[in-house]
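Peer 1: Build the 3D model from these lines:
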Amino acid sequence: MASGKGGVGKSTVSLNLALALAETGASVGLLDADIYGPDIAALVGLTRRTPAERLSLWQRASGNLREPALERFGIRLMSTQFLVAEDQALAWSADLIELLVMRLVHDIDWGNLDWFIVDLPPGTADVQQHVVRHVPLTGALVVVTPQDTAHLDAKKVIAMFERSSVPVLGGVENMAGMSCPSCACAIELFPSVADDRSLWATGLERLASIPFDPVVSAAGDSGRPLLLSHPDSGGATSFRSLAGALLARVSA
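Peer 2: Numbering: from 1, shown residues only. Predicted coordinates:
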């Protein structure tokens, strides 16, 4: 799961997509690969309060023993936010970050998974390059909001995947308007993106449009995601539709 810019709700989409896939009976793992600004832990209510006095790459145990992934709401999770306090910075060099990415993927006991979702940081920097290099990705989803800058930056991410021979399976439009609470009329939150600058004009398929809804943010802040706190909401329905569309694309 990728985006060109921050603030488009990529982590929220990643988490609720993982939960929607788990609802189908699939075994799902979710790696929060946003090393410097992880959010998944907070969205599931598992943030660490105590600072780590000394943070080093854990040593692999003897034999085949590995660190187990955490389990929450029926999915398996791993994030650097489980290693440091929620307000503690992880100021590591690019070389150490590459090693950390490899450990999070290969030295965690993820079990037998049907789906392994990687929530990438926004942009095309070192972490994204490490993940593309070390993880055999089936494909990528790109998250945008209906904003010109979000679409522009997303095109750079798509170019990165194309250079790395990673198929881009489709796009997700998040915060795609909202319903007026008084009259139920559709409200567009952002100016429309010009056709010649739109991501969809490139031929990328829009797999889902997720409406803006304050309950989505409230659910994340409470540590109980939308699919669990408001399972019958329009947003939850959209996430389930996204899971179905993704399954169809991967099967095809």
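Peer 1: give the contact list for residue 120.
Peer 2: By Cβ atoms under 8 Å, 6 or more residues apart in numbering, the contact list for residue 120 reads 1-3, 10, 33-34, 127-128, 131. Quick note: C-beta positions are derived from backbone N, CA and C, even for glycine.
Peer 1: Can you tell me how far it is from residue 33?
Peer 2: Distance of residue 120 to residue 33, computed by Cβ to Cβ, to the nearest Å: 5 Å.
Peer 1: Residue 129 now?
Peer 2: 11 Å.
Peer 1: Tell me which of those two has more neighbours.
Peer 2: Higher neighbour count among residue 129 and residue 33: residue 33, with 27 against 15, using other Cβ atoms under 10 Å.
Peer 1: ok, the more buried one - contacts?
Peer 2: 101, 104, 118-121, 127, 131.
Peer 1: now those residues in TSV, with secondary structure and distance to residue 249?
Peer 2: As requested, the contacts of residue 33 are exported to TSV (DSSP: H, G, I helix; E, B strand; the rest coil; distance: Cβ to Cβ, whole Å):
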residue	secondary structure	distance to residue 249
101	helix	26
104	helix	26
118	strand	17
119	strand	19
120	coil	18
121	coil	24
127	helix	25
131	helix	20
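Peer 1: Any chance of a markdown table for these, columns distance to residue 154 and pLDDT?
Peer 2: Formatted as a markdown table, the contacts of residue 33 follow (distance: Cβ to Cβ, whole Å; pLDDT from 0 to 100):
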| residue | distance to residue 154 | pLDDT |
| --- | --- | --- |
| 101 | 22 | 87 |
| 104 | 25 | 88 |
| 118 | 17 | 96 |
| 119 | 16 | 96 |
| 120 | 12 | 95 |
| 121 | 14 | 92 |
| 127 | 17 | 90 |
| 131 | 17 | 91 |
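Peer 1: Out of these, the closest to residue 16 would be?
Peer 2: Using Cβ to Cβ, residue 119 comes nearest to residue 16 of the contacts of residue 33, at 11.5 Å.
Peer 1: distance of the closest one from residue 80?
Peer 2: Distance from residue 119 to residue 80, by Cβ to Cβ: 12 Å.
Peer 1: Between these two, which contacts overlap?
Peer 2: Shared contacts of residue 119 and residue 80 (Cβ under 8 Å, 6+ apart): residue 32.
Peer 1: Name the single longest helix found in the protein.
Peer 2: Determined from DSSP state H, the single longest helix within the chain is helix 234-251.
Peer 1: and that one, C-alpha only, in CSV?
Peer 2: The C-alpha coordinates for helix 234-251 follow below in CSV (Å, rounded to 0.1, in the frame of the first residue of the first chain):
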residue,chain,number,x,y,z
GLY,A,234,-20.9,3.3,4.3
GLY,A,235,-17.1,3.4,4.8
ALA,A,236,-17.0,-0.2,6.1
THR,A,237,-19.0,-1.3,3.0
SER,A,238,-16.5,0.5,0.8
PHE,A,239,-13.6,-1.2,2.4
ARG,A,240,-15.2,-4.6,1.9
SER,A,241,-15.8,-3.7,-1.8
LEU,A,242,-12.1,-2.8,-2.0
ALA,A,243,-11.2,-6.3,-0.6
GLY,A,244,-13.4,-7.9,-3.2
ALA,A,245,-12.0,-5.9,-6.0
LEU,A,246,-8.4,-6.7,-4.9
LEU,A,247,-9.1,-10.4,-4.6
ALA,A,248,-10.5,-10.3,-8.2
ARG,A,249,-7.4,-8.5,-9.5
VAL,A,250,-5.0,-10.8,-7.8
SER,A,251,-6.9,-13.9,-8.9
